[in-house]
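Engineer: Any chance you could fold what I've pasted below:
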Amino acid sequence: MRAYVFPGQGAQFVGMGKDLYEGFEEAKAMFERANEILGFRITDLMFSGTDEDLRQTRVTQPAIFLHSVILANMMGKKFTPDMAAGHSLGEFSALVACGALTFEDGLKLVYARAMAMQKACDARPSTMAAILGLEDAQVEKVCSLVGEVVVPANYNAPGQLVISGSIEGVEEACVKLKEAGARRALPLKVGGAFHSPLMEPARVELAQAIESTSFQKPRCAIYQNVDAMPNNDPAKIKENLIAQLTAPVRWTHTMQHMVEHGMKQLTEVGPGNVLQGLVKKVAPEVETFQGSID
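Structural biologist: You can find the predicted model right below:
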């Protein structure tokens, strides 16, 4: 069985999507429609902006979504998912590519999500850090002993977990995790504490937008971040999407479940190849591919 997966924040690069825009009229029309919906020319920032431009949450999230969804659309009959998943933001790309959301509704939700998250970040300075070389249970235990807000946020692969919380909490946790034997504790250049309780104001704001948006049954099961299990019920998908902002991304468990359910091949659709690298740490026997039109 073939899985299609969609990347999240951090996969962006200057020039992303330009080949699609210049090479295909249908792709160009979708990008221009996105410019109209967003009210600014995101294509200018994607194709010729700066790294700093692309790091702004309000730009990063719709940019990655657009690259992923338009690429999946242009793949046409080559896009043949038996199962799908997206890492954090990528879950919205997966839902649009698999027919649960329209392109327009998906983009509007992604932009609402980005703006709500940016607002939460501005209200409470916070951060994230990647912890390498410790068992998940060790990281969970250390986080629970820190007095400030700090939680496991992204279970990316065995021995690779991202923590999220207040600046003081993450700094204290990094010290304690190194003392516990972590190979590295790397602060990440992000706008705030994604997938932590500090995103609660954004969760509340996004919930209203999701509840008022129409979802359909996707063409295949979507393995969602919150429970790492296959879902195709629109009501359950909405519920999990809302919970996602303050809950951890269970990517390790998602890959494990996909393998248990028959995944033999994985195609990453969108910028970068981070997700291909992560699956190799979970299930090296899975064949990996980069999504392309050729």
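Engineer: where does the protein dip in pLDDT?
Structural biologist: Under the criterion pLDDT under 70, no range of the chain is flagged.
Engineer: for the helix ranked longest in it, which positions count as buried?
Structural biologist: Ranked by residue count, the top helix of the chain under DSSP state H comes out as helix 103-123. The neighbour-count check on helix 103-123 (16 or more other Cβ atoms under 10 Å) flags 103, 105-118, 120-121 as buried. Using the backbone N, CA and C atoms, a C-beta is placed for each residue, glycine as well.
Engineer: what's the answer for stretch 35-46, then?
Structural biologist: For stretch 35-46, the neighbour count (16+ other Cβ under 10 Å) marks 38, 42-43, 45-46 as buried.
Engineer: Next step: these restricted to helices.
Structural biologist: Counting by DSSP H, the buried residues of stretch 35-46 place 38, 42-43, 45-46 in helices.
Engineer: Which one of these is nearest to residue 239?
Structural biologist: Nearest to residue 239, judged by Cβ to Cβ, of these is residue 38 at 26.9 Å.
Engineer: Can you verify my assumption that the closest one contacts residue 112?
Structural biologist: No: using Cβ atoms under 8 Å, residue 38 makes no contact with residue 112, being 11.1 Å away.
Engineer: which stretches of the stretch 101-250 of the chain form strands?
Structural biologist: 126-132, 150-157, 160-166, 184-187, 221-223, 230-231 (DSSP state E, counting those that start in this stretch).
Engineer: what does stretch 150-161 contact?
Structural biologist: Here stretch 150-161 makes contact (Cβ atoms under 8 Å, 6 or more residues apart in numbering) with 87-88, 128, 130-136, 139-140, 143, 162-166, 169-170, 172-173, 193-197, 248-253, 255, 278, 281-282.
Engineer: Just the ones of those in helices?
Structural biologist: 136, 139-140, 143, 169-170, 172-173, 251-253, 255, 278, 281-282.
Engineer: Give me the buried subset of those residues.
Structural biologist: For those, buried by 16+ other Cβ under 10 Å: 136, 139-140, 143, 169-170, 172-173, 251-253, 255, 278, 282.
Engineer: Show the subsequent helix or strand relative to whatever helix or strand residue 54 lives in.
Structural biologist: When elements are assigned from DSSP states H and E, residue 54 belongs to helix 51-55. Using DSSP H and E, the next helix or strand after helix 51-55 towards the C-terminus is helix 57-75.
Engineer: Break the protein down into its domains, please.
Structural biologist: Domain assignment for the chain by automatic domain parsing gives 2-122+197-290, 125-187.
Engineer: So residue 205 versus residue 211, what's the distance?
Structural biologist: 11 Å (Cβ to Cβ, to the nearest Å).
Engineer: more neighbours, the two?
Structural biologist: Higher neighbour count among residue 205 and residue 211: residue 205, with 17 against 10, using other Cβ atoms under 10 Å.
Engineer: who's in contact with that one?
Structural biologist: Per Cβ under 8 Å, 6+ apart, neighbours of residue 205: 112, 116, 119.
Engineer: Pick the one among the residues you listed closest to residue 83.
Structural biologist: The closest of the contacts of residue 205 to residue 83 turns out to be residue 112 (Cβ to Cβ; 27.0 Å).
Engineer: That closest one contacts residue 202, doesn't it?
Structural biologist: No: counting by Cβ under 8 Å, residue 112 does not reach residue 202; the two are 9.5 Å apart.
Engineer: Residue 280: what's its closest spatial neighbour, skipping adjacent residues?
Structural biologist: Leaving aside its sequence neighbours, residue 280 sits nearest to residue 288 (Cβ to Cβ, 6 or more residues apart in numbering; 7.0 Å).
Engineer: Check which helices and strands whichever strand or helix holds the one you found sits against.
Structural biologist: If you go by DSSP H and E, residue 288 is part of strand 287-290. In terms of contacts (3 or more Cβ pairs under 8 Å, 6 or more residues apart in numbering; DSSP states H and E), strand 287-290 is packed against strand 265-268, helix 274-282.
Engineer: picking that back up, kindly format the C-alpha coordinates of the helix holding residue 54 as PDB.
Structural biologist: Extracted C-alpha coordinates of helix 51-55, given in PDB (Å, rounded to 0.1, in the frame of the first residue of the first chain):
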ATOM      1  CA  ASP A  51      14.300  33.500   4.300                       C
ATOM      2  CA  GLU A  52      13.000  35.900   7.000                       C
ATOM      3  CA  ASP A  53       9.900  36.600   5.000                       C
ATOM      4  CA  LEU A  54       9.100  32.900   4.700                       C
ATOM      5  CA  ARG A  55       9.800  32.400   8.500                       C
END
